[in-house]
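Engineer: Could you work out the structure for the sequence below:
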Amino acid sequence: MIKSFLFAIFLLISTSSFSQALKNDSVKSFVDTTVALIKSNAVDTSNIKMIENILYTKAKDLNSVSELAPIYAEVFKLLKDHHGGLKYKGKTYGWNKPGSSANVYLKEKLKTEKSVVSQVIGKTTAYIRIPGNDDFAFKKVDSIANDITEHINKVNSAKIKAWIIDLRVNSGGNMYPILLGLKEFIGSDDIVFGGFRNSKGESSGKWEIREGKMLIDGIELVRKTQLKIPIKQDIPIVILTSCYTASAGEMTAISLIGRKNTFVVGEPTADYTTAVQGFKINKDAGLNLSTDYVVDRNSKVYTNNVHPDTEVVQGDNLEDLLKDKKIIQALRMLKK
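Structural biologist: Sure thing, here's the model as predicted:
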């Protein structure tokens, strides 16, 4: 207990001495504020002493926050946080983590694939492709969720024995309407199908279905369009992923992982499996921090990307699905 107390005093004196060494008051205030926010909220603070050292050392002789802002690219690299960043006067300073892989074909498709696509493959497999969205202001929840449901209705029938849910061009956006559109696939019984854990391993949000209602962090999501034919319980599903499946796309995949008869085929995802919160610093700046990791229905924590059950790299063909290597593999698995 005494050792912990002395260590706390040492940290306070150390940080205080760093802070006092800064010659510009606005720079000092900015660094003090951001360090405090990072300590209190970042999901990974294992490099916090190094971050403090870099910020206070490099800021020592600076005259303005404009000179300071670029240093935060290094800060976010040490936080291992490429999902967040410092927003300052319209610019973002963060860590552009190099991608572990690339898919030239799908990278081009991201520019044009903006709408939900559905069709029946063969006679008994339904296929739906759900792209990312830009609904960060939560103004399109109804329209996106209803559109997904309408596409499900378009291909669903009593003959359908399996589904392929394609998230390869889902590079992120608002996950709420996507989960709402896929509600009946996720589950019908009372279930917690995912959520978030903070840096202390504590639950910081739940995704659940209770009495047929979908609740995300306690907020009930209601969909206007209903299914014409129910989704068969435990019907086999293959989820398709790519290296561009990111953020909301990854959350969607995770919401289904752990469900009975559910498999992931494709490429490891883009590694944006954190919840990001924004913190205002002043009128010109804000700090976006990864504050929580996502967990699936079996309480598995995703500190990085989603790895497929069966990896299939490249070979994509959205023009002719029967020549698409990931779909060919999915159909093989569904036959088994």
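Engineer: in terms of contact, does residue 140 touch residue 133 like I think?
Structural biologist: Yes - if you go by C-beta atoms under 8 Å, residue 140 and residue 133 touch, sitting 6.8 Å apart. Glycine gets a C-beta too; all of them are placed from N, C-alpha and C.
Engineer: which one of the two has more residues nearby?
Structural biologist: Each of residue 140 and residue 133 has its neighbours counted (other C-beta atoms under 10 Å); residue 133 has more, 21 against 18.
Engineer: separation between residue 211 and residue 191?
Structural biologist: 11 Å (C-beta to C-beta, to the nearest Å).
Engineer: Which neighbours do these two have in common?
Structural biologist: Listed contacts common to residue 211 and residue 191 are nil; contacts here mean C-beta atoms under 8 Å, 6 or more residues apart in numbering.
Engineer: Settle it for me: which of those two has more neighbours?
Structural biologist: With neighbours defined as other C-beta under 10 Å, residue 211 and residue 191 compare such that residue 191 has more, 15 against 7.
Engineer: how close does the more buried one sit to residue 99?
Structural biologist: 34 Å.
Engineer: And residue 136, by the same measure?
Structural biologist: Distance, residue 136 to residue 99, by C-beta to C-beta: 22 Å.
Engineer: How about residue 164?
Structural biologist: For residue 164 relative to residue 99 (C-beta to C-beta), the value is 25 Å.
Engineer: Domain map for the protein?
Structural biologist: Per automatic domain parsing, the domain ranges recorded for the chain read 7-93, 104-270+305-335.
Engineer: I'd guessed residue 22 sits against residue 35; true?
Structural biologist: No - look at residue 22 against residue 35 with C-beta under 8 Å: they stay out of range, at 11.8 Å.
Engineer: Between the two, which is the more surrounded one?
Structural biologist: residue 22 (22 against 19).
Engineer: okay, stretch 172-190 in CSV with CA atoms only?
Structural biologist: Extracted in CSV, the C-alpha atoms of stretch 172-190 (Å, rounded to 0.1, in the frame of the first residue of the first chain):
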residue,chain,number,x,y,z
GLY,A,172,-17.8,0.7,-42.1
GLY,A,173,-20.3,3.4,-41.1
ASN,A,174,-23.2,3.0,-38.7
MET,A,175,-23.6,-0.6,-37.5
TYR,A,176,-27.1,0.0,-35.9
PRO,A,177,-29.2,-0.3,-39.1
ILE,A,178,-27.2,-3.3,-40.4
LEU,A,179,-27.7,-5.2,-37.3
LEU,A,180,-31.4,-4.3,-37.2
GLY,A,181,-31.8,-5.4,-40.8
LEU,A,182,-30.2,-8.8,-39.9
LYS,A,183,-32.0,-9.2,-36.6
GLU,A,184,-33.7,-12.5,-37.4
PHE,A,185,-30.4,-14.0,-38.5
ILE,A,186,-28.7,-12.9,-35.3
GLY,A,187,-31.2,-14.6,-33.0
SER,A,188,-34.8,-14.9,-32.0
ASP,A,189,-34.5,-16.0,-28.4
ASP,A,190,-33.4,-13.9,-25.5
